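Asks: sharing a model prediction with you, sequence too.
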Amino acid sequence: MSSYHLDHLQYLETEAIHVLREVAAEFERPVLLFSGGKDSICLLRLAEKAFRPSELPMPFLNVETGHEFPELIEFRDRRARELGARLLVRSVEDAFASGIATPTPGQVSRNQLQIPVLLAAIEEFHFDCCIGGARRDEEKARAKERFFSFRDAFGQWDPKNQRPEIWNLYNARLNPGENMRVFPLSNWTEMDVWEYIRRERLEVPSIYFSHTRECFRRGGQWLPLPPPHTDANRPDPYAGARPRPNETVKTLVVRVRTIADMVSTGMMESPASSVEDIIAEVAAARVTERGSRADDRASEAAMEDRKKAGYF
């Protein structure tokens with residue numbers, strides 16, 4: 001009699017597929033948050049395994065800050081086309097024009113401003129569930145999230161009042177106006193994600209691999225040099241995010257470990273040119289994955305505060 005054994009990646013895969021199918025069964029209007037980053041790339045592969053040969057039962061949604069890496073946008077759009085999926089994009093720039101979001105004087109990062117844009121998109125399309133690629137090992141606030149993480153009618157999260165999840169039973173009940181955030185990769189680690197990318201031979205954006213880029217030193221990190229401002233008829237979208245006269249600018253061989261936008265993503269000096277190289281780097285890393293994110297350095301509770309207000 002042959003034994004039935006799943007290795008750890010197969011177990012994580014089956015768990016995530018089960019969660020995705022639960023979403024399709026329990027919610028009327030789910031949406032998958034797809035940024036083009038490595039976690040959401042894995043989500044797309046899992047969604048294919050969960051629902052093919054049928055069409056994917058949810059559109060993709062991405063909220064742009066206006067500071068994105070061009071390589072990431074190109075990859076996001078191309079991957080959505082390849083999968084035949086409907087990609088919805090809402091932007092902070094458009095939210096400024098419509099009055100949904102208001103820039104805060106002196107605030108360079110638009111990370112916080114993604115919150116009202118996301119909540120407006122949920123209301124616009126009547127989404128009752130947003131599937132995200134967040135993992136518990138990324139950051140301590142994310143470690144508190146359930147697989148099915150409830151949001152009230154204002155899109156807010158209360159980490160001290162969460163629904164129990166016994167075995168693999170999830171409570172998807174909602175009142176009108178409420179919604180759920182669902183995280184199928186909750187139990188995955190950064191290493192699991194890269195091993196899955198290697199096993200499934202998934203394409204990732206080129207900025208995950210070493211490349212030459214102009215960077216400047218700020219806050220103990222190398223930040224990418226923003227593109228030049230060429231449109232004199234509109235304000236510089238990178239005002240405040242450009243290097244000051246006393247900040248060092250260098251051309252370095254770098255890559256990203258985790259991707260936010262160009263204002264918030266710290267670059268790491270690395271020669272990694274393949275997925276195998278990245279896996280070796282992750283195995284030897286002594287700094288947490290999001291330690292290179294400037295948006296998480298605002299305070300000890302920066303992520304939790306954003307999530308309480310409705311962040312991804």
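Replies: In hand now; what should we look at?
Asks: where along this protein do the strands fall?
Replies: Remark: strands assigned in the chain by DSSP state E are 30-33, 60-64, 87-91, 129-131, 148-151, 179-182, 211-218, 221-224, 249-256, 267-269.
Asks: between those strands, which one is closest to A97.
Replies: Nearest to A97, of all these, is strand 87-91, at 9.5 Å by Cβ to Cβ. Every C-beta, even on glycine, is put in place using the N, C-alpha and C of the backbone.
Asks: partner strands of the closest one, parallel or antiparallel?
Replies: Within its sheet, and counting by DSSP bridges, strand 87-91 is paired with strand 60-64 (parallel).
Asks: can you tell me the average pLDDT over the partner strand?
Replies: When pLDDT is averaged over strand 60-64, the result is 96.
Asks: low-confidence bits of the stretch 1-150 of the chain, can you list those?
Replies: 1-2 (pLDDT under 70).
Asks: can you show me the helices along it?
Replies: 8-26, 38-51, 70-83, 92-98, 114-125, 140-143 (DSSP state H, counting those that start in this stretch).
Asks: just name the most buried of those helices.
Replies: Among the helices of the stretch 1-150 of the chain, ranked by average contacts under mean count of other Cβ atoms under 10 Å, first place goes to helix 38-51 (a mean of 21).
Asks: quick one, that helix and strand 249-256 angle?
Replies: Angle of helix 38-51 versus strand 249-256, following axes from the mean of the first three to the mean of the last three Cα atoms, to 10 degrees, is 20 degrees.
Asks: who are the packing partners of helix 38-51?
Replies: Secondary-structure packing of helix 38-51 (3 or more Cβ pairs under 8 Å, 6 or more residues apart in numbering; DSSP states H and E): helix 8-26, strand 30-33, helix 70-83, helix 190-200.
Asks: returning to what we had before: now the strands of the chain in CSV, with distance to P103 and mean neighbour count?
Replies: Below are the strands of the chain laid out as CSV (distance: least, Cβ to Cβ, whole Å; neighbours: other Cβ atoms under 10 Å):
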stretch, distance to P103, mean neighbour count
strand 30-33, 23, 22
strand 60-64, 15, 23
strand 87-91, 13, 17
strand 129-131, 25, 25
strand 148-151, 25, 22
strand 179-182, 26, 24
strand 211-218, 20, 15
strand 221-224, 20, 21
strand 249-256, 25, 17
strand 267-269, 25, 18
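Asks: tabulate the ones you listed in TSV, adding columns for distance to F312.
Replies: Formatted as TSV, the strands of the chain follow (distance: least, Cβ to Cβ, whole Å):
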stretch	distance to F312
strand 30-33	6
strand 60-64	8
strand 87-91	13
strand 129-131	8
strand 148-151	11
strand 179-182	7
strand 211-218	25
strand 221-224	22
strand 249-256	18
strand 267-269	22
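Asks: out of these, flag the one nearest R286.
Replies: Nearest of the strands of the chain (Cβ to Cβ): strand 267-269, 12.3 Å.
Asks: what about the closest one, distance to the chain center?
Replies: Distance, stretch centre to chain centre, for strand 267-269: 19 Å (Cα atoms, centre = their mean, to the nearest Å).
Asks: hang on, E289 packs against R257?
Replies: Yes. Applying Cβ atoms under 8 Å as the test, E289 and R257 come out as touching, 6.0 Å apart.
Asks: ok, these two, which is more surrounded?
Replies: Between E289 and R257, counted using other Cβ atoms under 10 Å, R257 has the larger neighbour count: 24 against 17.
Asks: so that one touches M268, yeah?
Replies: Yes. With contacts counted by Cβ under 8 Å, R257 reaches M268, the gap being 5.5 Å.
Asks: for the helices and strands packed on helix 38-51, which one sits closest to L174?
Replies: Closest to L174 of the helices and strands packed on helix 38-51 is helix 8-26 (Cβ to Cβ; 9.4 Å).
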